[in-house]
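Engineer: Have a look at this prediction, sequence included:
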Amino acid sequence: MKVNQIMTRNPVCCWPSSSTLSAALLMQETDTGIVPVIQSPFTPILVGVVTDRDLCLHVIATDRDPSSTWVDGCMTHDPICCAEQDEATLVLDLMKAHKIRRLPVVNEKHEVVGMVSFADMVCKSGIEASAMMAALQSICEPSQVPKSATRRIIA
């Protein structure tokens, strides 16, 4: 099955000069945890993605003002993405290899045309349950934590 058969079309997007507050509000309004970042409002070329985790770690946890912190400062530049005509199995392999659950979908001009999530894959791709379960286990496997990392308890 092709990605264009299972993706969510025309996702809301922001651009690098958007405030992180506006990105968070887009996430709230559309009930999503990821927003593609495009070059500009008039040029839908994918340049990054910003996630709810990015906002939490790079804005909230560092006590930055969301209304004056720009998306460019916390987004993932050059994210893993897929093409409209890619097979769903390729997308699952990308998710598994990179430990990600959502990918922007781009056309031949690298313009954002959709998003595909692990949930889309489960519900619509027709991939066998055993392959989906193996991918989910890989995606959810914790990354290596540096030996120097310590736990902090915040009261």
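Structural biologist: Everything's here; your move.

Engineer: any chance you could map the strands in this structure?
Structural biologist: 8-9, 34-40, 43-51, 76-77, 82-83, 102-106, 112-117 (DSSP state E).

Engineer: Identify the residues contacting Ala119.
Structural biologist: Arg101 (CB atoms under 8 Å, 6 or more residues apart in numbering). (C-beta placed from N, C-alpha, C; glycine too.)

Engineer: Distance of it relative to Thr62?
Structural biologist: 30 Å (CB to CB, to the nearest Å).

Engineer: Also Val113?
Structural biologist: In this view, Val113 and Thr62 are 33 Å apart by CB to CB.

Engineer: Compare the two and say which is more crowded by neighbours.
Structural biologist: Val113 (20 against 11; other CB atoms under 10 Å).

Engineer: in the protein, which ranges drop under the pLDDT threshold?
Structural biologist: Where the chain drops to pLDDT under 70, the residues are 145-155.

Engineer: So which residues of it form helices?
Structural biologist: For the chain, applying DSSP state H gives helices covering 20-30, 52-55, 88-98, 118-124, 129-140.

Engineer: could you dump these to a markdown table with distance to Pro36?
Structural biologist: As requested, the helices of the chain are exported to a markdown table (distance: least, CB to CB, whole Å):
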| stretch | distance to Pro36 |
| --- | --- |
| helix 20-30 | 10 |
| helix 52-55 | 13 |
| helix 88-98 | 16 |
| helix 118-124 | 15 |
| helix 129-140 | 20 |
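
Engineer: For Ile6, which of the ones you listed is the nearest?
Structural biologist: Closest to Ile6 of the helices of the chain, according to CB to CB: helix 118-124, at 4.0 Å.

Engineer: from the chain's centre, how far out does the closest one sit?
Structural biologist: Helix 118-124 has its C-alpha centroid displaced from the chain centroid by 15 Å (CA atoms, centre = their mean, to the nearest Å).

Engineer: Using PDB, write down the CA coordinates of that helix.
Structural biologist: Output in PDB follows, covering the C-alpha atoms of helix 118-124 (Å, rounded to 0.1, in the frame of the first residue of the first chain):
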ATOM      1  CA  PHE A 118       2.300   4.800  13.400                       C
ATOM      2  CA  ALA A 119      -1.400   4.900  14.200                       C
ATOM      3  CA  ASP A 120      -2.200   5.400  10.500                       C
ATOM      4  CA  MET A 121       0.000   2.400   9.800                       C
ATOM      5  CA  VAL A 122      -1.800   0.200  12.300                       C
ATOM      6  CA  CYS A 123      -5.300   1.200  11.100                       C
ATOM      7  CA  LYS A 124      -4.900   1.500   7.400                       C
END
